[in-house]
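Asks: Sequence and computational prediction follow.
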Amino acid sequence: MVKPKSHSKKTKSRGVDFKKYRRKVGRKLPPPKNATNTEIKSKAIVLPEQSIAAEKAGLAVSKKGLTLKEILQQTSHHNAKVRKDALLGIKDILGTHPAELKLHKLAVIEKLRERIGDDDKLVRETLYQLFKSVIFPGCSKDNQGPLVSLLMAYIFNAMAHLAMDVRLMAFKFFDLVLQFYPTSFTSYAEKVLLNYESILRKNQFLEDRSKLKNILAGLVRCLSLLPCKERDQSADTNDIPDHDILHAFEPEVSRDPIGLRDISNQLKDLLPILVSCFRDFMPMVYGNAQLDLQSCDCMQFILQSIDIIARFFVDGICESEHDPQIIVNQLISPMTLKKLWDVYPLHMVHHSSGKDDDRIFMLNTIITKIFLQLRNWVHPPSVLLDKFLEFIESSLATKIQSGKVFHERHLLPMIPYTPKLVMQISGSWRSRILEAFTVVFKNSNPASSMKLACILAIEEMLAPERKSLYLDVNDPTLMDYQIAWIQDLPSLLILLDEKNPLCTKAVLRLLLCVGKTAPVNSRFSQEFDTTQYSLRDFFSRRVENAICYGPFIKLAADIQELAICCLYYFSFVDSLLLQSLISCCLCVDLQPFLVFRMLEVLQSAYRAGHIQVADYTSFHVTFLSRFEVYPEKVLPAIKYDGKSNGKTFKHVTSIICTCLSQLGDDSLVMEMLEKIIVDHICGDTPMDNKCAFLRLLITLDSKPSRLSDQSFVNIGRVLPQYMINAVTNVGEDDQGSTSVIIVKRRRYYLLPSFHLIHQNKRLLNLVLNVMGSWVSDVSPSLVSHHIHTSVDRTATICAIASVLLNMYKESRMRRTLLTSKTEMESILHNLLKLLSTEGSNLTLEERHKIQRSYDQLRAIVDNGALRQP
């Protein structure tokens, strides 16, 4: 059966909005037709070098490769660690390349100053170390004005910061500035002291003493830069360092003066704050707690600050024209001082150790010094004065004998106030203080600062104004101590040797002051005269056959001159002291001008009647005979380092001739010295010394000569040989000398003999006869008395001719020489005889020299023109 066909249903065609695709799972979807193509196509570009590297070529960079400009920018980074690393990088680059700091110092400081008030402690500390170790040392020689002014605005800003640590660091920074630029304090003193007053008034440091210690140490440094009249006067007049200085800090350079009105108000307000701060430590002193080192240091700095303020006020009071008492009441409150005096003397209540006792002693000495400064103005009651006097006596008498350097160092500031204290007190207290002071003077080390301070104090107690000695007839005890001090001075000079020139100078200045101001025939003048017996060893002494020089030779010239000046004021000069002085004058280490100065002082002492005639003449004659002349460019001068003292001896000879010619009556002086002088001329004396005695002889002699016949005979025997030595030996060792210089030197030696011959014709005849005998029979053993071994016949004849030629050149001697024609003819006859009889034994050169000498002498006799050789 056929199935019926199904009827297909035709669907109506409809439009499609979105064609739907069936996608297989895992296949990537194609991009939409409206998608934007984001592909980027590029090609590599090869550059020869990078631009950043090119910019840094030739620049100084740090270990991280950063330049100074880049590191400075990082110091303002918000991260504290980055700022710290930047500061370390600057330290690295400036340490490696110091020139960078020289070129950019102001720019570097201008950028770094922003970190003074940084919030981070490590950043501030790193900045502090950077300035301390690199920047300030590198800029210390530059102009300080611009550098300091860049910093001070930010330092003052940090001093007013709310955070206490920032404020403390600001004070620390200012202290660092003062260490390198102390003169800058004068420009900012008023504002700085106001900030110190502000931070100390709040009293926030009782729990953290280390911070208070740093603040007080900076304050002491600032105050120590205030002008000090005593220090300035000491530096200007005495050339001795100030004996009244702080132990913590010492002023480093001179400063411009600060007026009292400029900062007196700040110091006045600061003083009670310091006293109050000091009293805050009293519970620790009088309680059961131990006195730790930091607390002791804080108390020391507080007292030192008070001490400087008091000294500043005292200097201002002394310079003021107004009533001192009114100024004191305006500047220093009595109640403020009373708070300080009430706790004196400090002492530990509980059982204390040796260190605690030393610390308390140190604090008491500072308080005592403050009291001694203000004593003239505050008028303390007798009870308070007794407390201080008792402490001073016990400290001076006992502590110095302990031998501790600590005790001596802290007793030292009290010594300069002893003279005024002694003059102002009386009765038993005066003798007790004097005894304690004398113990210190005798027991202190000779080379110590304590000994120097004691000498200066003694000088003030002996002659307060250096015009006259202080004599209290109502108190013989004081005079006994004064005499005892003078007796110790000579031995002290010997003990000092050259260890402490300042102390030696002070001792000699004190002796000179005593010699100048001591009344005639007083105990002081007698004691001063006695000191010369001990002073002999200070100059020199003889040990067996050797001379041992004392400290005098090794001291500086200005100190040596002080010692020489003291000689004038002895009412009599002992002969043994003169012998010591001669040894010093003959020492090659003594400078010539000091030798001349000693001769001048001794001449003045003789004129004043302080030296006997015999001792005075013996000193000068011994000086001339023992002086050793060492010329230049000869072998003996090697041990004298090539130096020559020939000119010195010529000057000494001139001075001695002048001194001895002024002794008195010439005939009496000649009679007294004739034998001594002639003996030295005729003896085995070096030519220079013989020349000196010849000059002395013609100075004392007159025309006609007063020489005895025996003296003429003795001189006539040695004078020809002396003149021959003068023309043969002088100049031949000076290879570099010109002929003019040699002629002058020979004339210096010949001239005194010519003057002596001119005064007596008989001596000329005697000399010519001796020369004539030498021409006829020249002895081969004829030797020079100076440095040569022998003179042959021809050389002797030429020397005789040279002597006579030099004599003829002198206008005064020409007529005298021509009057002795008989003797001259005899010499010519002997020369002709020598040429005729021994001519065959002579060489051609010798015959030529003898013939030339004959012709020259013949020209003299015939009064013809001289023919130059």
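Replies: Now that the structure is in, tell me what you want to look at.

Asks: Return the per-residue confidence for residue 7.
Replies: The model reports residue 7 with a pLDDT of 52.

Asks: Likewise for the one 5 residues further on?
Replies: Among the per-residue scores, residue 12 holds a pLDDT of 52.

Asks: which residues of the stretch 451-600 of the chain fall in strands?
Replies: Counting by DSSP state E, counting those that start in this stretch, residue ranges of the strands within the stretch 451-600 of the chain are 540-543, 546-549.

Asks: Mind listing the strands the last one pairs with, and their directions?
Replies: In other words, strand 546-549. Each strand that strand 546-549 pairs with, and the sense of that pairing, follows from DSSP bridges: strand 540-543 (antiparallel).

Asks: List the buried residues in the partner strand.
Replies: For strand 540-543, a neighbour-count test (16 or more other Cβ atoms under 10 Å) marks 540, 541 as buried. Where C-beta positions appear, they are placed from N, C-alpha and C, glycine not excepted.

Asks: coming back round to it: of all the strands of the stretch 451-600 of the chain, which one is nearest residue 118?
Replies: Nearest to residue 118 among those is strand 546-549; the distance by Cβ to Cβ comes to 65.4 Å.

Asks: average pLDDT across that closest one?
Replies: Per-residue confidence for strand 546-549 averages out to 89 on the pLDDT scale.

Asks: Distance-wise, check the closest residue to residue 449 other than its chain neighbours relative to residue 341.
Replies: Nearest non-adjacent residue to residue 449, counting by Cβ to Cβ, 6 or more residues apart in numbering: residue 412, 6.0 Å away. Residue 412 sits 23 Å away from residue 341 when distances are taken as Cβ to Cβ, to the nearest Å.

Asks: neighbour count winner among those two?
Replies: Neighbours were counted for residue 412 and for residue 341 using other Cβ atoms under 10 Å; residue 412 has more, 23 against 17.

Asks: just checking, that one touches residue 452?
Replies: No. Between residue 412 and residue 452 no contact is recorded; they are 9.4 Å apart, counting by Cβ atoms under 8 Å.

Asks: The helix or strand encompassing residue 166 - what's its average pLDDT?
Replies: Element membership of residue 166, judged by DSSP states H and E, is helix 164-180. Confidence over helix 164-180 (mean pLDDT, whole number) is 90.

Asks: could you measure the residue nearest to residue 449 against residue 110, distance?
Replies: Per Cβ to Cβ, residue 412 is found 45 Å from residue 110.

Asks: same check, this time on residue 497
Replies: Between residue 497 and residue 110 the computed distance is 56 Å (Cβ to Cβ).

Asks: where along the stretch 701-850 of the chain do the strands fall?
Replies: For the stretch 701-850 of the chain, none of the segments meets the definition of strands by DSSP E, counting those that start in this stretch.

Asks: Could you list the low-pLDDT ranges of it?
Replies: Of all residues in the stretch 701-850 of the chain, those with pLDDT under 70 make up the ranges 731-738, 777-792, 839-840.

Asks: With the stretch 1-150 of the chain instead?
Replies: For the stretch 1-150 of the chain, the stretches with pLDDT under 70 are 1-21, 46-58, 142.

Asks: rerun that using 90 as the cut-off
Replies: 1-75, 90-109, 134-150 (pLDDT under 90).

Asks: in it, which spans are helices?
Replies: 51-56, 68-74, 80-96, 98-112, 121-130, 136-139, 144-159 (DSSP state H, counting those that start in this stretch).

Asks: Make TSV from those and add mean neighbour count and distance to residue 645 to it.
Replies: Listed next are the helices of the stretch 1-150 of the chain as TSV, based on neighbours: other Cβ atoms under 10 Å; distance: least, Cβ to Cβ, whole Å:
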stretch	mean neighbour count	distance to residue 645
helix 51-56	10	68
helix 68-74	18	63
helix 80-96	19	55
helix 98-112	16	51
helix 121-130	18	59
helix 136-139	17	49
helix 144-159	18	50
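
Asks: Now those helices in a markdown table, please, with extra columns for distance to residue 744.
Replies: As requested, the helices of the stretch 1-150 of the chain are exported to a markdown table (distance: least, Cβ to Cβ, whole Å):
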| stretch | distance to residue 744 |
| --- | --- |
| helix 51-56 | 75 |
| helix 68-74 | 70 |
| helix 80-96 | 65 |
| helix 98-112 | 58 |
| helix 121-130 | 70 |
| helix 136-139 | 59 |
| helix 144-159 | 59 |
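
Asks: helices or strands up against the helix or strand containing residue 859?
Replies: Using DSSP H and E, residue 859 falls within helix 844-861. Applying 3 or more Cβ pairs under 8 Å, 6 or more residues apart in numbering; DSSP states H and E, one finds that helix 844-861 contacts helix 793-809, helix 811-818, helix 821-837.

Asks: Apply 7 Å and report the result again.
Replies: If contacts are counted by 3 or more Cβ pairs under 7 Å, 6 or more residues apart in numbering; DSSP states H and E, helix 844-861 sits against helix 793-809, helix 821-837.

Asks: from the chain's centre, how far out does that helix sit?
Replies: Between the mean C-alpha location of helix 844-861 and the chain-wide mean there is a distance of 65 Å, by Cα atoms, centre = their mean, to the nearest Å.

Asks: Give me the angle between it and helix 811-818.
Replies: Interaxial angle, helix 844-861 versus helix 811-818 (axes from the mean of the first three to the mean of the last three Cα atoms, to 10 degrees): 100 degrees.

Asks: Between helix 793-809 and helix 844-861, find me the angle.
Replies: Orientation note: helix 844-861 sits at an angle of 20 degrees relative to helix 793-809 (the same axes, to 10 degrees).

Asks: Run the angle between helix 844-861 and helix 821-837 for me.
Replies: Compare the direction of helix 844-861 with that of helix 821-837 by the same axes, to 10 degrees and you get 160 degrees.

Asks: For helix 844-861, C-alpha coordinates in PDB please.
Replies: Once non-C-alpha atoms are left out, helix 844-861 reads as follows in PDB (Å, rounded to 0.1, in the frame of the first residue of the first chain):
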ATOM      1  CA  LEU A 844     168.100  82.700  39.800                       C
ATOM      2  CA  GLU A 845     164.700  83.300  41.500                       C
ATOM      3  CA  GLU A 846     166.300  83.800  44.800                       C
ATOM      4  CA  ARG A 847     168.800  86.300  43.400                       C
ATOM      5  CA  HIS A 848     165.900  88.100  41.700                       C
ATOM      6  CA  LYS A 849     163.900  88.400  44.900                       C
ATOM      7  CA  ILE A 850     166.900  89.600  46.900                       C
ATOM      8  CA  GLN A 851     167.800  92.100  44.200                       C
ATOM      9  CA  ARG A 852     164.300  93.500  44.100                       C
ATOM     10  CA  SER A 853     164.300  93.900  47.900                       C
ATOM     11  CA  TYR A 854     167.500  95.700  47.700                       C
ATOM     12  CA  ASP A 855     166.200  98.100  45.000                       C
ATOM     13  CA  GLN A 856     163.100  98.800  47.100                       C
ATOM     14  CA  LEU A 857     165.100  99.600  50.200                       C
ATOM     15  CA  ARG A 858     167.600 101.700  48.200                       C
ATOM     16  CA  ALA A 859     164.600 103.700  46.900                       C
ATOM     17  CA  ILE A 860     163.500 104.400  50.500                       C
ATOM     18  CA  VAL A 861     166.900 105.500  51.600                       C
END
